[in-house]
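> okay, sequence plus prediction incoming.
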Amino acid sequence: MPIPSPDQLTTFSSLPLSVDSPSPVPDQEKDKKDTYLLATIKSNLTITKPTLILTDSSNQDFALVFDPPPFTVRNPNAVAEKFKELGLKKGNAVVIRNARRTKAEREGGQGFVVLSSLGALAEAEAGADDGKKEKGNEGDRESGGKLLGVVPGPLQMTKWMMEILRQRDESSPPEEREEKMCDGKFDGCLTPRGKDRKDGGGLEALKRCQGCVEVWYCSKECQKRRWIAHKDECKAIKALRRIWPRPEGVE
């Protein structure tokens, strides 16, 4: 599953209603692009059902409700602990594929997003699929969407890193790709122009960050100097790569 392009990202107000789901024509369903709702967790509003308040990229707040609950709801504190364990906490971003919104029950209302499970997070927590195969994209649309993952960071950084990784994944053949650069180039790099050198010039080849495996450094000194800036990006990249693994053949 490739990282989605900007035109596949949606907002809450643009979501189709869950009641507007007539049986699709097979060829149309196959050609239909998935949509992805990205939003920041604002608060936990659990009362009778696990509920989060999120803010999308248009700064609109909406509720995300899990129904039936993916785990036993004994009290709001227990739900809060479970959400925290799964990374569903204030300030983090969530990625939901093919989300739908409910029809408003009262005039002036806006409805909310309902998920039948924690999706990929629940599968990861279980450690196995219990013999059940994922329904796939069609199942997403039928059930109201699937929570693909949580990114530990703000929404804008998540979208920015997604676009960087998407362009990298879709880049030309290796011989035509942009030359690797030391990430330390942003604040003064020890290697001239921060480029990889393998021509016997006395400089070691660039080495990857062992956290995200997406950023390069010419030396330990450069890596330490850039760590404060890269630390949050590193966590976000790792979370995004769990959702969208690096395609085979992409360095």
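Arrived safely.
> ok, then the element right after the longest strand along the chain?
Using DSSP state E, we find that the single longest strand of the chain is strand 36-44. Next helix or strand after strand 36-44 toward the C-terminus (DSSP states H and E): strand 51-56.
> got the angle between that following strand and strand 36-44?
130 degrees (axes from the mean of the first three to the mean of the last three Cα atoms, to 10 degrees).
> any buried residues in stretch 32-50, and which?
35-41, 44, 46, 50 (16 or more other Cβ atoms under 10 Å). Every residue, glycine included, has its C-beta placed from N, CA and C.
> nearest to Pro245 among the residues you listed?
Tyr36 (16.2 Å; Cβ to Cβ).
> surely Arg225 is in a helix?
Yes: assessed by DSSP: H, G, I helix; E, B strand; the rest coil, Arg225 belongs to a helix.
> chain neighbours aside, what residue packs nearest to it?
Gly184 (6.2 Å; Cβ to Cβ, 6 or more residues apart in numbering).
> what kind of secondary structure is that neighbour in?
Gly184 is classified as helix under three-state DSSP.
> surely it meets Lys224?
No: look at Gly184 against Lys224 with Cβ atoms under 8 Å: they stay out of range, at 9.6 Å.
> follow-up on the earlier one: the longest strand of the chain pairs with which strands?
strand 9-10 (parallel), strand 51-56 (antiparallel), strand 93-97 (antiparallel) (DSSP bridges).
> what are the contacting residues of that strand?
When contacts are defined by Cβ atoms under 8 Å, 6 or more residues apart in numbering, strand 36-44 is touched by residues 4, 8-12, 15, 51-57, 61-62, 64, 76, 79-80, 83, 88-97, 99, 113, 145, 148, 154-155, 158-159.
> brilliant, that's me finished.
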